[in-house]
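Visitor: Can you look at this prediction? I've put the sequence above it.
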Amino acid sequence: MTIDEIPKVELHCHLDGIPDPEMVRDIRADDSAFPIRPEDFDGLYPVADFDGFIGWWRVVESVVGKLEHFHAVLAHYINRLKQDRVVYAEVMISGSEIPVDLVEAVEQVGVFRAAAQQQAGGDLQIEFLAAFGRGKSPEQVEGVAERIFALYEAGLVVGVALAGVEPGNPVRPYQKTFERFHEAGLGIEIHAGEWCGPESGWDALEHGFPDRIGHGVRLFQDEKLIETIAERGIHIEMCPTSNLKTGSIERIEDHPIRLARDMGLSFSINTDDPGPFECSMGSECRLLSEMFGFVEADFRTIYAHSLAARFQKVLTIEDA
């Protein structure tokens with residue numbers, strides 16, 4: 001079986017990190033009013049560092065906060081997932097895309113989810129997480145949490161993700177909110193160890209009740225931390241191309257994904273923001289094969305670990 005034929009799971013992809021020039025060109029062919037134009041990205045590729053990512057982000061900001069514009073984006077993304085033999089995916093919807101009014105939030109996300117499920121058909125199961133950024137006050141996070149609980153109770157999201165600027169923005173101030181998420185049964189994902197060292201991982205473990213850690217590349221600097229993550233069965237969502245493109249690692253050879261494999265850790269392969277980073281689930285798998293020597297058995301193990309770490313435990317697709 002070739003890499004392209006192996007079933008895959010994506011657990012870490014931001015909705016607002018999906019658009020790219022080709023996708024935008026196709027969207028505008030059907031809807032000329034779509035706010036982004038392909039030429040808006042001119043001179044921004046390839047994204048090679050964090051500043052380049054910010055330049056790309058300034059283009060996409062024109063649709064951020066407007067969930068209606070992401071219907072077409074998600075439809076194109078779902079088709080790409082199918083082409084890559086992805087059978088299960090979780091996508092993070094930013095808090096800025098979720099209306100403040102609870103009734104409106106449930107209505108809009110409900111329509112969005114229904115459209116996604118129709119597009120996915122029987123070949124792909126797609127679920128959603130509600131994401132919010134670090135740096136907010138505890139009171140602001142409590143306000144976001146009320147919307148997240150409303151969506152969760154309506155069956156529209158399966159978990160919550162904490163993303164955003166990691167340095168100087170610990171999880172600890174949000175501990176009470178994450179306790180509520182944990183007690184309510186939401187899956188919890190925390191981005192940690194992407195820009196900060198092991199102290200960020202300990203902070204997440206001590207105050208955030210995570211089921212999964214996003215990125216985690218710098219957590220491997222602390223052997224005890226990795227042992228604790230393994231003991232607690234915490235899954236690590238790895239995003240190799242993203243980590244290289246944003247500079248959280250200097251060289252792809254420095255990525256700890258081979259070490260994670262050799263240690264038998266539970267981890268997944270993900271794209272994070274496929275729009276700016278020009279990657280796909282297929283290209284990430286090929287990268288691991290060519291750079292780190294991953295073989296079919298490795299990808300089968302990753303698939304099994306990824307499915308086990310999903311937040312929606314009810315599978316509506318056949319377990320391949």
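Guide: Perfect, I can see it now.
Visitor: pLDDT below threshold where in the protein?
Guide: 1, 319-320 (pLDDT under 70).
Visitor: what about the strands in it?
Guide: 8-14, 86-94, 125-133, 159-163, 187-192, 212-215, 235-238, 267-269 (DSSP state E).
Visitor: Just give me the residue right at the centre of this structure.
Guide: Centroid check for the chain by C-alpha atoms, centre = their mean gives H12 as the closest residue, at 2.2 Å.
Visitor: got the buried residues for stretch 197-211?
Guide: The neighbour-count check on stretch 197-211 (16 or more other C-beta atoms under 10 Å) flags 198-205, 207-211 as buried. To be clear about C-beta, it is placed using only N, CA and C from the backbone, and glycine gets the same treatment.
Visitor: do stretch 74-92 as well
Guide: Neighbour counts over stretch 74-92 (16+ other C-beta under 10 Å) mark 74-78, 80-81, 84-92 as buried.
Visitor: cool, stretch 163-183 as well?
Guide: 163, 166, 169-171, 174-175, 177-178, 181-182.
Visitor: and of the residues you listed, the nearest to C279?
Guide: Nearest to C279 among those: A163, at 18.0 Å, using C-beta to C-beta.
Visitor: Dig out what the closest one forms beta bridges with.
Guide: Using DSSP bridges, the bridge partners assigned to A163 are G133.
Visitor: Verify the contact between it and F132 for me.
Guide: Yes - taking contacts as C-beta atoms under 8 Å, A163 lies within contact range of F132: 7.4 Å.
Visitor: re the thing from before, quick one: which of the buried residues of stretch 74-92 is nearest D42?
Guide: Closest to D42, out of all of the buried residues of stretch 74-92 and judged by C-beta to C-beta, is H76, at 20.3 Å.
Visitor: Contact partners for that closest one?
Guide: Shown in contact with H76 (C-beta atoms under 8 Å, 6 or more residues apart in numbering): 18, 23, 26-27.
Visitor: Max pairwise distance over these: which two?
Guide: Spatial extent of the contacts of H76 (C-beta to C-beta) is set by the pair I18 and D26 at 12.6 Å.
Visitor: Looking at the two, which is more packed in?
Guide: I18 (21 against 14; other C-beta atoms under 10 Å).
Visitor: Identify the single longest helix in the chain, thanks.
Guide: helix 102-120 (DSSP state H).
Visitor: That helix: which residues count as buried?
Guide: 105-106, 108-109, 112-113, 116, 119-120.
Visitor: Could you list every helix and strand in contact with it?
Guide: Judged by 3 or more C-beta pairs under 8 Å, 6 or more residues apart in numbering; DSSP states H and E, the packing partners of helix 102-120 are helix 70-83, strand 125-133, helix 138-153.
Visitor: Residues in contact with the longest one: which ones?
Guide: To tie it back to what came earlier, the one meant is helix 138-153. Contacts for helix 138-153 (C-beta under 8 Å, 6+ apart): 95, 98-100, 102, 105-106, 109, 130, 132, 136, 157-158, 160, 173-174, 176-177, 180-181, 184, 186.
Visitor: ok now it, how far from the chain's centre?
Guide: Counting by C-alpha atoms, centre = their mean, to the nearest Å, helix 138-153 is centred 19 Å from the centre of its parent chain.
Visitor: Contact partners for Q117?
Guide: I126.
Visitor: same check, this time on S283
Guide: So S283 contacts T241 (C-beta under 8 Å, 6+ apart).
Visitor: Output stretch 171-182 as CSV, nothing but the C-alphas.
Guide: C-alpha atoms of stretch 171-182 as CSV (Å, rounded to 0.1, in the frame of the first residue of the first chain):
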residue,chain,number,x,y,z
VAL,A,171,-2.7,28.7,31.2
ARG,A,172,-2.8,29.2,35.0
PRO,A,173,-5.2,32.2,35.0
TYR,A,174,-7.8,30.1,33.1
GLN,A,175,-7.6,27.1,35.5
LYS,A,176,-11.2,27.6,36.8
THR,A,177,-12.6,27.7,33.2
PHE,A,178,-10.6,24.6,32.2
GLU,A,179,-11.9,22.8,35.3
ARG,A,180,-15.4,23.5,34.0
PHE,A,181,-14.5,22.3,30.6
HIS,A,182,-13.0,19.1,32.1
